[in-house]
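Visitor: give me coordinates for this.
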Amino acid sequence: MIDKSIVGKEYPPFTVEVEKRWVRSFAEALGESSPIYSDEAAAKAAGYRSLPAPPSFPFAIIMEANQSFMILDELGIDKRRAMHAEQGFAWHADLCAGDTVTGRQKVIDVYDKKNGALEFLVTEIRLDNQRGEHVCDLRTTVVVRN
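Guide: Numbering: from 1, shown residues only. Presented below is the predicted three-dimensional model:
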């Protein structure tokens, strides 16, 4: 069982640089055809500082920073029993290529269903850019099968 005393725990901050090639390849993988994701002139004409990150891009940032697996490892959870269950984003500012984002993860809930057969670990990560702007909040739920 996941120890519920982990609720409220905050992890050390992490920092990730958002590169143009990463934004382009992420958008391409999504099938995004808008030129704002691949052509800097088109992005700037649309009002962005550089290529904007697609809406689900922050999840790639937290994976790059090993945030999901870090908690599972800390708790001694076999990753073969864990599954990504839900992801949500609350946007507050644009995230663009060239930005450096700093995030901090916090465990906000642990609960179970089916008499403990399924345990849910809910975390929230706040991302701020190099200008101190609050860019995005991510809420992630991982389910562990017992």
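Visitor: what strand or helix carries the residue nearest to the spatial centre of the chain?
Guide: Among the residues of the chain, F59 comes closest to the average C-alpha position under C-alpha atoms, centre = their mean, at 3.1 Å. Using DSSP states H and E, F59 falls within helix 57-64.
Visitor: other SSEs contacting the lowest-mean-pLDDT helix or strand in the chain?
Guide: Within the chain, judged by mean pLDDT, DSSP states H and E, the helix or strand with the poorest mean is helix 67-75; its value is a mean of 91. Counting contacts by 3 or more C-beta pairs under 8 Å, 6 or more residues apart in numbering; DSSP states H and E, helix 67-75 packs against strand 100-113, strand 118-128, strand 134-145. Using the backbone N, CA and C atoms, a C-beta is placed for each residue, glycine as well.
Visitor: can you list contacts of the longest one?
Guide: Defining contact as C-beta atoms under 8 Å, 6 or more residues apart in numbering, one finds that strand 100-113 is touched by 1-4, 6-18, 61-62, 65, 67, 71, 95, 118-130, 135, 139.
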